[in-house]
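*Asks:* Using only what follows, build the 3D model:
(one chain, ligands or ions: 3)
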Amino acid sequence: MTLSALRVMVVEDHGFQRRMALRLLAELDVEHVQEAADGNAALTMLEQLLQPPDVVLVDLDMPGMDGIEFIGHVAQRRLARGVALVSALDPALLNTVQTMARAYGLRVLGSVEKPLTSDKLQAVLLRYEDTLHVDADDDEADVSVEDARAALAGGEIVPWFQPQAEFGNGKVVGVEALARWQRPDGHIVRPLHFIHVLEREGLAAALTDCMLEQACAWKRRWEGDDLRLKLSVNVSPTTLQDPAAADHYQQIVRDHGVDPADVVLEVTESSLMTDPARGLAVLARLRLKGFGLSIDDFGTGYSSLAQLSQVPFTELKIDQGFVSGAPQQPRKRAVIEASLDLARKLQLDTVAEGVETVEEWQMLASLGCTMAQGYLIAQPVPGEELPAMIDRWRRPEH
Ligand code: C2E
Ligand code: MG
Ligand code: MG
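*Replies:* Ligands and ions are numbered 1, 2, ... in the order given. As a prediction, this is how the structure comes out:
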């Protein structure tokens, strides 16, 4: 899609700035443009339109109905496909509003700091297509219970692997196993579309078993090619409620000739919330048997530091939400620094998730993070493609 096909509405109370936005849109060849001087007028116009705009460019700071309230109405009544925020306000506040809009289910293209320029406007509008892409993927959201169950039973759910590289020397030392549903028609379905279905149906433990078993088998195959890697496997929260889980996982890895010390089980903070006492008992026993334990998506859950300090974790994974854009965003950097500091004091290894750029790599390296995982190194790939993928990777200069 070129920008000329986009339908854009500008909502801005300030006359000069509104005209400026219209002029810049014209320069970018955007033909279908509407304008409104306040939230109420914009809502009235939107309700009368036959075709909703693709993007509403909204000023946050307006008298009367502010941009935050306006976005709430747009989302609830589905009056536009997406929004982009325009503001001279603190980037941290813009971030909050973006998160809010996404939680409402709106497609958020991003925010533009005032003053508007042609480059900034173009950059944010060009994201429209990327967000379309994400939504296309979301169309698979209604996976049926029967399909998911059959996929698991029929061996269609397999691990793909994403490398983890040490910041110190760039060497790939481990991989995370990520579930993929390989449909017979060749279609690959990502876990967000089926894991919750399996978990709801009481198949969480079966998924973890299936992933752990296949991942161990792959580890042994790579070892045959002289590639030694640690394995990280995600564990569903309910698995931690089964007192027999630790013995069971030990049995699985042993059956494959894998040492538990070479396996890291990733648990999310929220999985500790269900029944902490039971969960702690299982985690303690896993640790006793030598498994590594990782806190996944650190910083996104609501557990207290006191709770976390009681779990015998060996590794902390910094969530990609903090990593992405951290070199430009002091608040994200502050969260990363605090997380790394905590990890150092608790003697945990640290993995930064979602490292996509050289700048992010350099920043995390300079802050003393142990390992990186992310598209900069490689996307998750099937087991047979992993060795070649690792060969291609070159660490950035420090
Ligand atoms: P996670 O464990 O936090 O895994 C990291 C996710 O980030 C993966 O998404 C990975 O593909 C993605 N990712 C990695 N590097 C980058 C990057 O540079 N940029 C971006 N934007 N994304 C990156 P994926 O594979 O879709 O998995 C999503 C989540 O599904 C996982 O988050 C995990 O919570 C869950 N999951 C995946 N496999 C399993 C499994 O076998 N069992 C359970 N219980 N959960 C799983
Ligand atoms: Mg994980
Ligand atoms: Mg994660």
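*Asks:* where does residue 30 fall, phi/psi-wise?
*Replies:* Dihedral pair for residue 30: phi -80, psi 120, per degrees, to the nearest 10.
*Asks:* Could you double-check that it lies in contact with residue 4?
*Replies:* Yes - counting by CB atoms under 8 Å, residue 30 touches residue 4, with 6.4 Å between them. C-betas here are computed from N, CA, C, even on glycine.
*Asks:* which one of these two has more residues nearby?
*Replies:* Set side by side, residue 30 and residue 4 show more neighbours around residue 30, with 22 against 10, by other CB atoms under 10 Å.
*Asks:* Domain ranges for the chain, per the record?
*Replies:* Annotated domains of the chain cover 3-135, 140-394 [automatic domain parsing].
*Asks:* Close to ligand 3: what parts of this structure are there?
*Replies:* 296, 297, 353 (CB under 5 Å from the ion).
*Asks:* The last one and residue 323: what is the separation?
*Replies:* The one in question is residue 353. Using CB to CB, to the nearest Å, one obtains 6 Å as the distance from residue 353 to residue 323.
*Asks:* can you check the first one too?
*Replies:* From residue 296 across to residue 323, the span is 13 Å (CB to CB).
*Asks:* Between these two, tell me which one has more neighbours.
*Replies:* Taking neighbours as other CB under 10 Å, residue 296 and residue 323 compare with residue 323 leading, 27 against 23.
*Asks:* tell me the contacts of that one?
*Replies:* Residue 323 makes contact with 332, 336, 352, 353, 354, 355, 360, 364, 374 under the criterion CB atoms under 8 Å, 6 or more residues apart in numbering.
*Asks:* Just the ones in strands from these, please.
*Replies:* Secondary structure of the contacts of residue 323 is defined by DSSP state E; positions in strands are residue 352.
*Asks:* Mind giving me the ChimeraX select for the contacts of residue 323, buried ones only?
*Replies:* Selecting the buried subset of those in ChimeraX, with 16 or more other CB atoms under 10 Å as the burial test, is done by:
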select :332,336,352,353,354,355,360,364,374
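*Asks:* how about the contacts of residue 323, which pair is most distant?
*Replies:* Within the contacts of residue 323, two members stand farthest from each other by CB to CB: 332 and 374, at 14.7 Å.
*Asks:* Roughly how far does the residue nearest the centre of the chain sit from residue 100?
*Replies:* Closest residue to the average C-alpha location of the chain: residue 320 at 5.8 Å, with CA atoms, centre = their mean. According to CB to CB, residue 320 stands 20 Å off from residue 100.
*Asks:* and if you look at residue 109?
*Replies:* Using CB to CB, we find residue 109 at a distance of 15 Å from residue 100.
*Asks:* Show me which residues of the stretch 251-398 of the chain sit near ligand 1.
*Replies:* With CB under 6 Å from any ligand atom as the criterion, the stretch 251-398 of the chain meets ligand 1 at residues 266, 296, 297, 320, 353, 354, 355, 356, 373, 374, 375, 380.
*Asks:* run the last query once more with 5 Å
*Replies:* If contacts are counted using CB under 5 Å from any ligand atom, the residues of the stretch 251-398 of the chain sitting beside ligand 1 are 354, 356, 374, 375, 380.
*Asks:* can you name the two of those that are farthest apart?
*Replies:* Within those, two members stand farthest from each other by CB to CB: 356 and 380, at 13.8 Å.
*Asks:* Tell me which of the two has more neighbours.
*Replies:* When residue 356 and residue 380 are compared for neighbours, residue 380 comes out ahead with 21 against 15, by other CB under 10 Å.
*Asks:* Do you know the pLDDT at that one?
*Replies:* Among the per-residue scores, residue 380 shows a pLDDT of 94.
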